[in-house]
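Trainee: sequence below, structure please.
(2 chains)
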Number of protein chains: 2
Amino acid sequence: MKISELSDRSGVPIATIKFYLREGLLAPGAALNARESAYDETHLRRLRVIRGLVQVTGASIEQVRQLMAIIEMPGQSAIEVVGRASTALSARQAAASGTPDTQEAEGLLTRLGVSFAAESENLRLLASALELAGQVGLSPSDDQLAVYVQAAREVARADFARVPWDDPQQAAEWAVLGTALYEPISSALRRLAHSELAGRLDQAHPEATPDR
Amino acid sequence: MKISELSDRSGVPIATIKFYLREGLLAPGAALNARESAYDETHLRRLRVIRGLVQVTGASIEQVRQLMAIIEMPGQSAIEVVGRASTALSARQAAASGTPDTQEAEGLLTRLGVSFAAESENLRLLASALELAGQVGLSPSDDQLAVYVQAAREVARADFARVPWDDPQQAAEWAVLGTALYEPISSALRRLAHSELAGRLDQAHPEATPDR
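Mentor: Residues are numbered from 1 along each chain as shown, chains lettered A, B, ... in the order given. Here you go, the predicted structure:
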């Protein structure tokens, strides 16, 4: 396909595609003549992944390059590449949130029976989030977090059931993009569940609404 | 307490407290003399809420003012104020994500048996997130989302169990700050659950790691 069709099918503007080509994020197409090249489905797929990384994770071109290098490193098993790609994504976000004290988060995960790697980037993300909640005086309780952990495990199992494990590279794309793309879906559903529950409380317990 | 103690206990710099006082977000303290005022626990609590809103939701001063006005409107029941405050928070974020087509999200929620208000801001948040996933070619399946919905409901019940319903104003603070503060906690736990599951798969099914 020509660059115009690649743009139509991916939704990425031609100027942006040319920029990715110059930056080497996208391999050149096969030259058709002095001015035009032909692109195939591998270009389209890669373009969608690059676009997803930029739009969803807010990654810079350099960070996309690093993530793609991890995803495309040959000779990795699906589990290995998924682990590396996820760590790289979390590392970028954990770096933005400073160096929190992870002791509270480690104690919490131990009490709740969650296994984790020391020095884990995800542990740092959790520690930052807990620290902020504590500063505002709204630390979650262990009971509450036990429900969060249980919910997270169910969601993780559902996510993993969709990963194409027989294709390590595609599995890594799923891991990185799915992690970033499904977080806002999960947050929106949590807010909808709050509204749903509030509506139910309102009907079931009019005594909780004393000012009517 | 003097402004220096208010600063120490809240973690908010004195210059920032003075800015909030000038902006009218924080009520003046009782004048002790020409240069000093005394502040009490209500100042401290309000300062923590303002700080949380700014740090966690990234709200501007004007948006904090609007949220505080909603939270503090007299004569509201807890359920009402929680609903209004949550809607205001989601509206701000939904505005940033444009005007997505909500048809797919509405169909999905109907299929999954989730009740929602038409024109809901949370529906728009969900629609934006689904649209982005679709553009990248990673639309979640109904089966997967059914698990997300179930998890969101469990989490919402655990959240509501912690809300101080007998104090409408405090309940609203919980609703707004808890919504924003606990989303990163939830995301971090989901990532930890992924790592945990990946580690288990790695041990249980060495055949899934063909390159070793």
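
Trainee: only C-alpha atoms from now on, for both contacts and neighbour counts.
Mentor: OK.

Trainee: so, in contact with chain B or not, the lengthiest helix in chain A?
Mentor: The longest helix of chain A (DSSP state H) is helix A:168-204. Yes - against chain B, helix A:168-204 shows contacts by CA under 8 Å from any CA of the partner chain at A:174, A:178-179, A:181-198, A:201-202.

Trainee: which of those residues are buried? Put it as a ChimeraX command.
Mentor: With 16 or more other CA atoms under 10 Å in any protein chain shown as the criterion, this ChimeraX line picks the buried residues out of these:
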select /A:174,178,179,181,182,183,184,185,186,187,188,189,190,191,192,193,194,195,196,197,198,202
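
Trainee: tell me the spacing between A:Ala158 and A:Pro184.
Mentor: From A:Ala158 across to A:Pro184, the span is 16 Å (CA to CA, to the nearest Å).

Trainee: A:Ala172 too?
Mentor: From A:Ala172 to A:Pro184 the distance is 20 Å (CA to CA).

Trainee: and for A:Gly113?
Mentor: A:Gly113 is 26 Å from A:Pro184, by CA to CA.

Trainee: same deal with A:Ile14?
Mentor: 28 Å.

Trainee: what's the answer for A:Val136, then?
Mentor: Applying CA to CA to A:Val136 and A:Pro184 gives a distance of 23 Å.

Trainee: contacting residues around A:Val54?
Mentor: Residues near A:Val54 by CA atoms under 8 Å, 6 or more residues apart in numbering or on different chains: A:Ser60, A:Ile61, A:Val64.

Trainee: quick one: which of those is nearest chain B?
Mentor: Comparing these against chain B with CA to the nearest CA places A:Val64 closest, at 14.9 Å.

Trainee: helices and strands around the helix or strand harbouring the closest one, which ones?
Mentor: Element membership of A:Val64, judged by DSSP states H and E, is helix A:61-72. Other elements packing on helix A:61-72 under the criterion 3 or more CA pairs under 8 Å, 6 or more residues apart in numbering or on different chains; DSSP states H and E are helix A:41-57, helix A:78-96, helix A:168-204.

Trainee: and the residue nearest in space to the middle of chain A, what does it touch?
Mentor: In chain A, the residue lying closest to the centroid (CA atoms, centre = their mean) is A:Ala180, at 1.8 Å. Neighbour list for A:Ala180: A:Val56, A:Thr57 [criterion: CA under 8 Å, 6+ apart].

Trainee: can you report phi and psi for A:Ser37?
Mentor: With angles defined as degrees, to the nearest 10, A:Ser37 sits at phi -130, psi 160.

Trainee: so what's it scoring on pLDDT?
Mentor: A:Ser37 carries a pLDDT value of 94.

Trainee: quick one: it and A:His43 touch, right?
Mentor: No - in this structure A:Ser37 lies outside contact range of A:His43 using CA atoms under 8 Å: 11.8 Å.

Trainee: between the two, which is the more surrounded one?
Mentor: Applying other CA atoms under 10 Å in any protein chain shown to A:Ser37 and A:His43 shows that A:His43 carries more neighbours, namely 18 against 14.

Trainee: any regions of chain A where pLDDT drops low?
Mentor: A:96-97, A:202-212 (pLDDT under 70).

Trainee: how far does stretch A:100-115 sit from its chain's centre?
Mentor: 22 Å (CA atoms, centre = their mean, to the nearest Å).

Trainee: could you list the buried residues of that stretch?
Mentor: Buried residues in stretch A:100-115 (16+ other CA under 10 Å): A:Pro100, A:Thr102, A:Ala105, A:Glu106, A:Leu108, A:Leu109, A:Leu112, A:Val114.

Trainee: let me know whether it sits next to chain B.
Mentor: Yes - Stretch A:100-115 reaches chain B (CA under 8 Å from any CA) through A:Val114, A:Ser115.

Trainee: A:Phe116 against B:His194, yeah?
Mentor: No - if you go by CA under 8 Å, A:Phe116 and B:His194 don't touch, sitting 10.4 Å apart.

Trainee: got the domain boundaries for chain A?
Mentor: Domain ranges of chain A: A:1-58, A:60-176, per automatic domain parsing.

Trainee: tell me the most buried of these?
Mentor: Most buried of the domains of chain A, by mean neighbour count (mean count of other CA atoms under 10 Å in any protein chain shown): domain A:60-176, with a mean of 19.

Trainee: straight-line length of it, end to end?
Mentor: Domain A:60-176: ends 15 Å apart by CA to CA.

Trainee: go on, stretch A:111-122?
Mentor: First residue to last in stretch A:111-122 (CA to CA) measures 17 Å.
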